[in-house]
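Enquirer: Below are the sequence and a predicted model; questions follow.
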Amino acid sequence: MKPDKPTDGNQVITEERLQPIIDHHFGDSVLIADLHRLSGGASRETWSFDVVEADGTRHELVLRRDPGAIGNSADRTTEYELLKAAAAGGVAVPTVQFLLPEDAKLGAGFIMDRIAGETIPRKILRDDEYQTARKELTKQFGTQAALIHQLDVGSLPVLPVLEPQEQLVQYRDLLDALGEPHPAFELGLRWLNDHLPQPAEHRLVHGDFRNGNLVVGPEGLRAVLDWELSHLGDPIEDLGWCCVRSWRFGVVDQPVGGFGTREQLIEAYTKAGGEKVDAERMFFWEVLGTLKWGVICEMQAFTHLSGRVRSVELATLGRRIAETEWDLLRTIAPDEIAMLEPAEPTPSTTGSLHDRPHAAELLEAVREFIERDVQSATDERLAFHARVAVNALSIVERELVLGASIDEPALQRLADLLGTTGSPANLITALAQRIRAGDLGNSDDGAKKIVCDLVRAKLEVANPRYLEGP
């Protein structure tokens, strides 16, 4: 596999470039072994490697670095300091070793100990090896959240303060900057603005506290990872975020990461010293978290489309927006969801002058090749991206075969509601604008119903199985 291209002027991570840094900290008689980039981490690079001393002693390490611009998230220096403060407060985190020196030209980053265990949610939630862990994770999760929220904010590096109203403005501005209207998000923003919680005492908020950012062993939670979105704010934000449906990874009847209930989480949290949790306040943060993840998916997709970071993983996140819209509508428009009639998509019968195989059949052949010959690759990162590519090809197949039969009825109903005609983009933009202006607000059942209709049409192509859940 070709090495990753450097970004922002930073050098590619190689043993040769890393060796002088390791020699400085461990001595010049050590070797670097098994250096490889880990899968996942669409916005950050994470590399695993061992340092081997002359007597055979091994230090299992991880390198975390920013591959390019970091946007609104914490840089690696801040994350490094946060991990030190969290460890001092009893939070289960990896031990940090040292920051990367600037003159190495490897970017902003640091080295930390590697914690043995599993981080892939589908394995944690399904493999027999973690059966015992699944029974303990909710309690352990609540305990870790309480420890995080009890850290002395005076001991922390400088962090942004993010109030709920400020976050609503932030994500509305991001939607506008991206220039792709989403009526479902407009309904969500109106609901959130109408249900703002009372101000809370500022505490450390992890910012990405969820399944997928944990190291888990057979006995349970071993470490909390990925502190790049940490800030000061309402601590209940973390509890709402970890209940977002996207972080259940298919186990939808267990709201907390696919392994527990909200009641179990709150009980463990308060028992470990966390503040009393108001259910409505926690629900607000869960709804905001759902909208937030949808906007982040759009941002990631545009990162790929802009050419800044070309990635099949980032590209496919654009089609996951429909999942977050559907989750959002489940919470704020459940009656309209229940009223929707089952869709009956039919394959396109449009003829073509081209010989067979047709476009969809060619895609099917490529998808089958990746499933059969690439997805089984021993390289973990290659296998992960092969699964992502298979999903992307499946989406294109469905769009080619079912697209018109799904799109046209929903768009006609939208045109009837608005009393106008136009392209799909113009109609959706008009709907989003009228919802934001209050012309078609939350009280308008017709508007909510058509938004549900449009999102369901997108999901029929993006991920029809997502429509099957409760």
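Expert: Yep, it's here. Since the structure is predicted, the reported quantities are computational estimates derived from the model, not experimental observations.

Enquirer: Please count neighbours and contacts with C-alpha atoms only from this point.
Expert: Will do.

Enquirer: burial of the nearest residue to L265 once chain neighbours are set aside, as a residue count?
Expert: Of all residues not flanking L265 in the chain, G142 sits nearest, at 5.1 Å (Cα to Cα, 6 or more residues apart in numbering). Neighbour count of G142, defined by other Cα atoms under 10 Å: 25.

Enquirer: same check, this time on the one 10 residues further on
Expert: Residues within reach of D152, counting by other Cα under 10 Å, total 13.

Enquirer: separation between it and L328?
Expert: 34 Å (Cα to Cα, to the nearest Å).

Enquirer: ok, now S423?
Expert: 25 Å.

Enquirer: got it, and L418?
Expert: Separation of L418 from L328 (Cα to Cα): 23 Å.

Enquirer: wait, what's in contact with K449?
Expert: Contacts for K449 (Cα atoms under 8 Å, 6 or more residues apart in numbering) come out as E336, I337, M339, L340.

Enquirer: what about 10 Å?
Expert: L329, A333, P334, D335, E336, I337, A338, M339, L340, L414 (Cα atoms under 10 Å, 6 or more residues apart in numbering).

Enquirer: Next, the buried residues of the helix or strand harbouring it.
Expert: Using DSSP states H and E, K449 maps to helix 445-462. For helix 445-462, burial by neighbour count (16 or more other Cα atoms under 10 Å) applies to 447-462.

Enquirer: for stretch 306-326, same thing?
Expert: For stretch 306-326, the neighbour count (16+ other Cα under 10 Å) marks 309, 311-326 as buried.

Enquirer: quick one: secondary structure of I111?
Expert: With DSSP: H, G, I helix; E, B strand; the rest coil as the basis, the three-state label of I111 is strand.

Enquirer: Go ahead and confirm it touches H59.
Expert: No - the pair I111 / H59 is not scored as a contact, 11.3 Å apart, by Cα atoms under 10 Å.

Enquirer: which secondary element of the chain has the worst mean pLDDT?
Expert: helix 359-369 (a mean of 79; mean pLDDT, DSSP states H and E).

Enquirer: Which element is encountered next along the chain beyond that helix?
Expert: helix 380-418.

Enquirer: and after that following helix, which helix or strand comes next?
Expert: helix 424-437.

Enquirer: Packing partners of that following helix?
Expert: Where contact means 3 or more Cα pairs under 10 Å, 6 or more residues apart in numbering; DSSP states H and E, helix 424-437 is packed against helix 183-194, helix 380-418, helix 445-462.

Enquirer: contacts for it?
Expert: Against helix 424-437 from outside (Cα under 10 Å, 6+ apart): 179-187, 189-190, 407-408, 410-412, 414-415, 417-418, 420-423, 438-442, 444, 447-448, 450-451, 454.

Enquirer: Recalculate using a threshold of 8 Å.
Expert: Outside helix 424-437, the residues that reach it (Cα under 8 Å, 6+ apart) are 181-183, 186-187, 190, 411, 414-415, 418, 421, 440-441.

Enquirer: now for the helices and strands packed on helix 424-437, which one comes closest to A279?
Expert: Between A279 and these, the shortest separation by Cα to Cα is 15.1 Å, and it involves helix 183-194.

Enquirer: List the buried residues for that closest one?
Expert: P183, A184, F185, E186, L187, G188, L189, R190, W191, L192.

Enquirer: Hey, what's the angle from that helix to helix 445-462? Just curious.
Expert: Interaxial angle, helix 183-194 versus helix 445-462 (axes from the mean of the first three to the mean of the last three Cα atoms, to 10 degrees): 130 degrees.

Enquirer: Distance check, G212 against L125.
Expert: 11 Å.

Enquirer: and which of the contacts of K449 is nearest V96?
Expert: Among the contacts of K449, and counting by Cα to Cα, the member closest to V96 is L329, at 41.4 Å.

Enquirer: Regarding the residue nearest to L265, what is its secondary structure?
Expert: Strictly by three-state DSSP, G142 counts as helix.

Enquirer: OK, contacts around it?
Expert: L265, I266, E267, A268, Y269, A272.

Enquirer: per-stretch mean pLDDT over the helices and strands packed on helix 424-437, give me the minimum one.
Expert: Ranked by mean pLDDT, the helices and strands packed on helix 424-437 bottom out at helix 380-418, which scores a mean of 86.

Enquirer: got the buried residues for it?
Expert: 380, 382-403, 405-407, 410-411, 414-415, 418.

Enquirer: ditto for stretch 279-291
Expert: Going by 16+ other Cα under 10 Å, stretch 279-291 has these buried residues: R281, M282, F283, F284, W285, E286, V287, L288, G289, T290, L291.

Enquirer: Mind giving me the ChimeraX select for the contacts of K449, buried ones only?
Expert: The ChimeraX command for the buried members of these (criterion: 16+ other Cα under 10 Å) is given here:
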select :329,333,336,337,414
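
Enquirer: circling back: using PDB, write out every CA atom in the least confident helix or strand of the chain.
Expert: Only the C-alpha atoms of helix 359-369 are listed here, as PDB (Å, rounded to 0.1, in the frame of the first residue of the first chain):
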ATOM      1  CA  ALA A 359     -24.000   0.700 -14.900                       C
ATOM      2  CA  ALA A 360     -25.600  -0.800 -11.900                       C
ATOM      3  CA  GLU A 361     -24.400  -4.300 -12.900                       C
ATOM      4  CA  LEU A 362     -20.900  -3.100 -13.400                       C
ATOM      5  CA  LEU A 363     -21.000  -1.500  -9.900                       C
ATOM      6  CA  GLU A 364     -22.200  -4.800  -8.600                       C
ATOM      7  CA  ALA A 365     -19.300  -6.600 -10.100                       C
ATOM      8  CA  VAL A 366     -16.800  -4.200  -8.600                       C
ATOM      9  CA  ARG A 367     -18.500  -4.400  -5.200                       C
ATOM     10  CA  GLU A 368     -18.400  -8.200  -5.300                       C
ATOM     11  CA  PHE A 369     -14.600  -8.100  -6.100                       C
END
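
Enquirer: Distance check, G233 against E129.
Expert: 37 Å.

Enquirer: just to revisit the earlier point, for S423 and L328, indicate the residue with more neighbours.
Expert: L328 (26 against 10).

Enquirer: Can I get the helix or strand hosting that one in PDB, CA atoms only?
Expert: Here L328, judged by DSSP H and E, is contained in helix 321-332. This file holds the C-alpha atoms of helix 321-332, laid out as PDB (Å, rounded to 0.1, in the frame of the first residue of the first chain):
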ATOM      1  CA  ILE A 321     -26.700  12.600   6.900                       C
ATOM      2  CA  ALA A 322     -30.100  11.000   6.100                       C
ATOM      3  CA  GLU A 323     -29.700   8.700   9.100                       C
ATOM      4  CA  THR A 324     -29.200  11.600  11.500                       C
ATOM      5  CA  GLU A 325     -32.100  13.400   9.900                       C
ATOM      6  CA  TRP A 326     -34.300  10.400  10.400                       C
ATOM      7  CA  ASP A 327     -33.200  10.100  14.100                       C
ATOM      8  CA  LEU A 328     -33.900  13.700  14.600                       C
ATOM      9  CA  LEU A 329     -37.400  13.400  13.200                       C
ATOM     10  CA  ARG A 330     -38.100  10.300  15.300                       C
ATOM     11  CA  THR A 331     -37.700  12.500  18.400                       C
ATOM     12  CA  ILE A 332     -39.300  15.800  17.400                       C
END
